[in-house]
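1. Dropping a prediction and its sequence here:
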Amino acid sequence: MSDTPDPETIAALFTRSDGSYLCARWGRPIVPVVFGVDDATLGLVKGGFEALCATAGHKMAETDPELGANAMVFFFRDWEELLSVPDLDRLIEGLGPLVARLSAEGANQYRVFRFDADGAIRACFTFLRMDEALSHQPAETLVLGQVAQAMLLWSDVAFTDRSPLAQLSDGRVVLHPEIAGVLRAAYDPVMPNAATDPSHALRLAARMRTQA
């Protein structure tokens, strides 16, 4: 990406592996809850959402009137552990087959989104199997990367070859400036909660130019 991404580059972030375009943002305040970690990591996750909500100009809340918490992050060692989480099978349709597939693939992360009638994100479930690769990441880096991927419905291949994060000269890891720009543009009040037409990327690019 250049300093000012062109519309085609932005569109690629939301063009799925089947060729379809889909971008969605949260349409309600985000209420995160974390399972399977200590209080320190819990604080990191909530802090990550606070930071990126501030970047996006979006809100957080103490509770969601419909779901209680709507951004659920699960840390665990084995996919099979999810089958024993109370009521999770009611939240995630087809949980058993999903767990079997992810286990067979050796996956270490997976996200499930739920949407409102207008296509806006209403819930996100992030599952992290702490294998060797994830365990070796600094906690702050892992958390910020996961929160970034929960803030928008990105393409399923958006971050296959690149990270949404960047490292500063002092060693700190932050959201990549260009990804931050896309995030701010997507949450601009004039933009729709969800879009399936690639021309949406043209509007994102225009919003990013006004940010510069």
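-> Noted; the coordinates are in hand. Numbering: from 1, shown residues only.

2. Check the spacing between Thr110 and Gly68 real quick.
-> Actually, residue 110 is Tyr. It isn't Thr. 22 Å (CB to CB, to the nearest Å). (C-beta placed from N, C-alpha, C; glycine too.)

3. between those two, who's got more neighbours?
-> When neighbours are counted by other CB atoms under 10 Å, Tyr110 comes out ahead of the other of Tyr110 and Gly68, with 19 against 10.

4. For Ala100, the count of nearby residues, please.
-> When neighbours are counted by other CB under 10 Å, Ala100 comes out with 14.

5. Name the helix or strand for it, please.
-> Element membership for Ala100 (DSSP states H and E) is helix 95-105.

6. same deal with Ala123?
-> Per DSSP H and E: strand 121-129 holds Ala123.

7. What's the mean pLDDT across that strand?
-> Across strand 121-129, pLDDT averages out at 97.

8. what about the closest residue to Ala180 other than its chain neighbours, distance to Leu152?
-> Sequence neighbours aside, Thr55 is the residue nearest to Ala180 in space, at 5.5 Å (criterion: CB to CB, 6 or more residues apart in numbering). According to CB to CB, Thr55 stands 12 Å off from Leu152.

9. from what I can see Ala150 touches Ala71, true?
-> Yes: counting by CB atoms under 8 Å, Ala71 is a contact partner of Ala150 at 6.1 Å.

10. Show me the common contact partners of these two, please.
-> Taking CB atoms under 8 Å, 6 or more residues apart in numbering as the contact rule, Ala150 and Ala71 both touch Cys124, Thr126.

11. right, and Met60 touches Leu52 too?
-> No: Met60 is beyond contact range of Leu52, at 10.0 Å (criterion: CB under 8 Å).

12. between these two, which one's more packed in?
-> Leu52 (22 against 15).

13. Go through the host helix or strand of the more buried one and flag the buried ones.
-> In the assignment (DSSP H and E), Leu52 maps to helix 39-56. Along helix 39-56, these residues count as buried under the neighbour rule (16 or more other CB atoms under 10 Å): Thr41, Leu42, Leu44, Val45, Lys46, Gly48, Phe49, Ala51, Leu52, Cys53, Thr55, Ala56.

14. which residues touch it?
-> With contacts defined as CB under 8 Å, 6+ apart, helix 39-56 is touched by 25, 30, 32, 34, 37, 59-60, 71, 73, 75, 139-140, 143-144, 146-148, 151, 175, 180, 183-184, 186-187.

15. repeat for stretch 86-100
-> Met72, Trp79, Glu80, Leu82, Leu83, Tyr110, Val112, Phe125.

16. so what's the residue nearest the centre of the chain up against?
-> Centroid check for the chain by CA atoms, centre = their mean gives Ala150 as the closest residue, at 1.5 Å. Applying CB under 8 Å, 6+ apart, we find Ala150 in contact with Ala71, Arg111, Cys124, Thr126.

17. if you set the cut-off to 10 Å instead, what comes out?
-> Under the criterion of CB atoms under 10 Å, 6 or more residues apart in numbering, the neighbours of Ala150 are 26, 30, 32, 48-49, 52, 71-73, 111, 113, 121, 124-126.

18. Please list only the buried members of those.
-> 26, 30, 32, 48-49, 52, 71-73, 111, 121, 124-126.

19. Same list, those residues, but as TSV with distance to Met208 please.
-> Formatted as TSV, these follow (distance: CB to CB, whole Å):
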residue	distance to Met208
Trp26	19
Ile30	23
Pro32	27
Gly48	23
Phe49	23
Leu52	17
Ala71	25
Met72	31
Val73	28
Arg111	25
Ile121	21
Cys124	24
Phe125	29
Thr126	26
